[in-house]
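Q: Take a look and give me a structure for this.
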Amino acid sequence: MSIEIRSPSTFPTVSMGTFVVPNGAKPADLNVRLPLEWYVLTGSPESHKMLLLSRYAIDWELFGGGVDWEGSYLREWLNGTFYQESFSDEERGHILAVDIPAAAGDKTTRDHIFLLSEQEWEQYLAGKPESAAQMLLLDPNYAKGKGADGLYLEYQAAELPCWWWTRTPDVSGREMRVVTGSGELSELHPDADEVGVRPAMWIVI
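A: This is a model prediction of the structure:
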């Protein structure tokens, strides 16, 4: 796999994988594939290990399953459908399975793809323009099919930043910490809709 490092912003970027947008095409391989672009939050080719965060919110999904990352719908989706469909066999060979700390205690999960924690957001993104993320440009018909209302479509058309999930519950234990369109922290119920997903992963090169 070839990694080309580009530096359009605070963070270098790399391209890796594609996001499959179902459009009802038959055969399925005619579905739209949008290239994925990633910020390098830490690491470098020289260190042979890098932490990547999607430059865009690739889609929006419910966090699902309460406030526990281990049992969440998003963890299942990211490490299942997204991981399998978005990367080639060669690319998956570069994505590390890593231990992801739980919000409290010493419990961990072992994942290829994950969401940033509140602490990781503070370490890498707080106060930086890259904390705010636009949606990956999705077909309006796909967006409507997932239940997008007029507000979402207006935001997408105007290329305005969206809200996106972290994997950290708030102090009440009832909501999740999210990053707003202005790049600041807030909270939302885990079953809130139209919240963006910015996958993160460690790769070795």
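Q: Give me the neighbour count for G43.
A: 17 (other Cβ atoms under 10 Å). Just so you know, the C-beta spots here come from the backbone N, C-alpha and C atoms, and that holds for glycine as well.
Q: Under the pLDDT cut-off, which ranges of this protein? List them.
A: Within the chain, the stretches with pLDDT under 70 are 1-9, 21-31, 103-106, 137-159.
Q: Where do the helices of it begin and end?
A: Secondary structure of the chain (DSSP state H): helices located at 73-77, 83-86, 89-92, 118-124, 140-145, 150-157.
Q: May I see the buried residues of the fourth one?
A: Looking back up the chat, that one is helix 118-124. E118, E120, W121, Y124 (16 or more other Cβ atoms under 10 Å).
Q: tell me the contacts of the first one?
A: Translated: E118. E118 is in contact with T166, T168, R177, L185, counting by Cβ atoms under 8 Å, 6 or more residues apart in numbering.
Q: Grab the nearest non-local neighbour of it.
A: Residue nearest to E118 in three dimensions, not counting chain neighbours: T168, with 3.9 Å by Cβ to Cβ, 6 or more residues apart in numbering.
Q: so that neighbour sits right up against V178, yeah?
A: No. Applying Cβ atoms under 8 Å, one finds T168 not in contact with V178, separated by 9.5 Å.
Q: State the distance from the residue found closest to Y39 once you drop the neighbours it is linked to in the chain to G66.
A: Once flanking residues are discounted, Y39 sits nearest to F11: 4.0 Å by Cβ to Cβ, 6+ apart. Using Cβ to Cβ, to the nearest Å, we find F11 at a distance of 32 Å from G66.
Q: When these two are compared, which one has more neighbours?
A: Using other Cβ under 10 Å, the more surrounded residue of F11 and G66 is F11, with 19 against 15.
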